[in-house]
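Student: Sequence first, predicted model second:
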Amino acid sequence: MTRRSRTLLVPLAVVAALGLASCSTADAPAGSSSPSPSSSSSSSADVSGSITVFAAASLQKTFTTLGKQFEAAHPGTSIEFSFAGSSDLVTQIQNGAPADVFASADEANMAKLSATDLASGSPEDFATNVLEIAVAPGNPKGITSLDDLTGSDVQLVTCAAPVPCGAATAKVESASGADLQPVSEEQSVTDVLGKVESGQADAGLVYVTDVQGADGKVDGVPFDESSKAVNTYPIGVLKASEDPELAQAFSDYVRSATGQKVLTAAGFGKP
């Protein structure tokens with residue numbers, strides 16, 4: 001069933017629900033109370049349909065998990081994801097790509113959507129993240145700081161400047177005074193991680209959550225200057241959403257206690 005056909009079915013379901021509600025009210029004994037609007041209509045357990053979530057590449061593992069959990073808790077729903085660098089996702093949305101929810105790895109890219117009136121309401125922060133140096137298992141180059149990344153014998157890979165991890169890299173570079181000379185600049189943090197995992201680079205600046213999610217394929221080297229570039233992750237429903245109720249329900253789920261538990265386990269910080 002296409003998303004368009006699903007939206008055509010919603011009014012019929014609403015009409016049917018209203019009809020049942022009016023009958024039950026009419027049949028109720030005198031003096032009995034009917035359910036309050038808040039208890040009967042505000043529950044996200046009643047949502048159904050399909051939405052597409054555009055999310056930062058660093059959220060791939062956690063959001064995939066959250067999507068499966070949400071679908072299991074709400075039968076009849078389907079969550080599809082598109083993961084990429086936040087700046088690329090913003091460009092796609094601005095160019096008309098169909099999306100219902102956007103989760104950014106920084107506030108700057110979310111602000112771009114809000115400035116062009118593409119976001120619905122006010123985005124909500126749901127996590128934070130900081131950088132870490134990803135190196136090959138065992139750290140064969142003996143890297144312990146950002147200064148160690150400036151040596152000519154170290155092949156360094158970073159994110160491009162428009163990408164949130166690239167902006168964070170610029171901040172920590174400025175804070176440390178190190179002169180980083182990456183051999184390539186990637187469009188997403190997962191691309192940086194992939195080059196370190198495959199041996200195409202000796203080191204890469206990624207998020208702590210990427211190192212943790214690499215399952216031993218890389219080691220992580222923390223550094224003090226990472227605290228100078230804490231990325232805050234916001235999530236918001238898009239005005240073009242064909243199912244804003246379901247989109248909002250998923251956004252709420254990410255920020256719920258259940259969602260926060262998954263994010264914390266993956267290494268994300270609190271917003």
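Tutor: All right, it came through fine.
Student: Where does the prediction get shaky in the stretch 151-271 of the chain?
Tutor: Within the stretch 151-271 of the chain, not a single segment meets pLDDT under 70.
Student: quick one: the strands in it?
Tutor: Using DSSP state E, counting those that start in this stretch, the strands of the stretch 151-271 of the chain run over 156-159, 184-186, 203-207, 219-221, 231-238.
Student: my guess is residue 121 is in a strand, correct?
Tutor: Yes - counting by DSSP: H, G, I helix; E, B strand; the rest coil, residue 121 is part of a strand.
Student: if I pick it, what's in contact with it?
Tutor: 236, 237 (Cβ atoms under 8 Å, 6 or more residues apart in numbering). C-beta here means a position set from N, CA and C on the backbone, and glycine is covered the same way.
Student: Would you mind measuring from it to residue 237?
Tutor: Using Cβ to Cβ, to the nearest Å, we find residue 121 at a distance of 7 Å from residue 237.
Student: got it, and residue 111?
Tutor: Residue 111 is 16 Å from residue 237, by Cβ to Cβ.
Student: try residue 129
Tutor: Distance, residue 129 to residue 237, using Cβ to Cβ: 22 Å.
Student: For the two, indicate the residue with more neighbours.
Tutor: residue 129 (30 against 26; other Cβ atoms under 10 Å).
Student: Pretty sure that one sits against residue 211.
Tutor: No - Residue 129 is not in contact with residue 211 according to Cβ atoms under 8 Å; the separation is 11.1 Å.
Student: Which residues are in contact with each of the two?
Tutor: Common neighbours of residue 129 and residue 211 (criterion: Cβ under 8 Å, 6+ apart): residue 267.
Student: per-residue confidence at residue 27?
Tutor: We have a pLDDT of 37 for residue 27.
Student: likewise residue 16?
Tutor: Residue 16 is given a pLDDT of 38.
Student: So which residues of the chain form helices?
Tutor: Taking DSSP state H, the helices of the chain run over residues 3-27, 37-41, 60-73, 86-94, 107-115, 164-176, 189-197, 208-213, 244-255, 257-265.
Student: neighbours of the nearest residue to residue 87 once chain neighbours are set aside, just the number please.
Tutor: Spatially, and ignoring its direct neighbours in sequence, residue 87 is nearest to residue 162 (4.2 Å; Cβ to Cβ, 6 or more residues apart in numbering). Look at residue 162: counted by other Cβ under 10 Å, it has 17 neighbours.
Student: now do residue 243
Tutor: 22.
Student: Now for the closest residue to residue 61 other than its chain neighbours, how many residues are close by?
Tutor: Of all residues not flanking residue 61 in the chain, residue 213 sits nearest, at 4.9 Å (Cβ to Cβ, 6+ apart). Using other Cβ under 10 Å, residue 213 is surrounded by 19 other residues.
Student: Kindly report the same for residue 123.
Tutor: Neighbours of residue 123 (other Cβ under 10 Å): 21.
Student: The nearest residue to it once chain neighbours are set aside and residue 125, how far apart?
Tutor: Distances taken as Cβ to Cβ, 6+ apart place residue 236 nearest to residue 123, at 3.4 Å, with adjacent residues excluded. Using Cβ to Cβ, residue 236 is found at 10 Å from residue 125.
Student: And the two? Which one has more around it.
Tutor: residue 236 (22 against 14).
Student: Does that one touch residue 101 like I think?
Tutor: Yes - assessed by Cβ under 8 Å, residue 236 is found in contact with residue 101 at 7.2 Å.
Student: residues contacting the residue nearest to residue 123?
Tutor: 101, 102, 110, 113, 114, 119, 120, 121, 122, 123, 124, 251 are the contacts of residue 236 under Cβ under 8 Å, 6+ apart.
Student: which one is the last one nearest to, not counting chain neighbours?
Tutor: Put plainly, it is residue 251. Once flanking residues are discounted, residue 251 sits nearest to residue 235: 5.2 Å by Cβ to Cβ, 6+ apart.
Student: Tell me the bridge partners for that neighbour.
Tutor: For residue 235, the beta-bridge partners under DSSP bridges are residue 103, residue 124.
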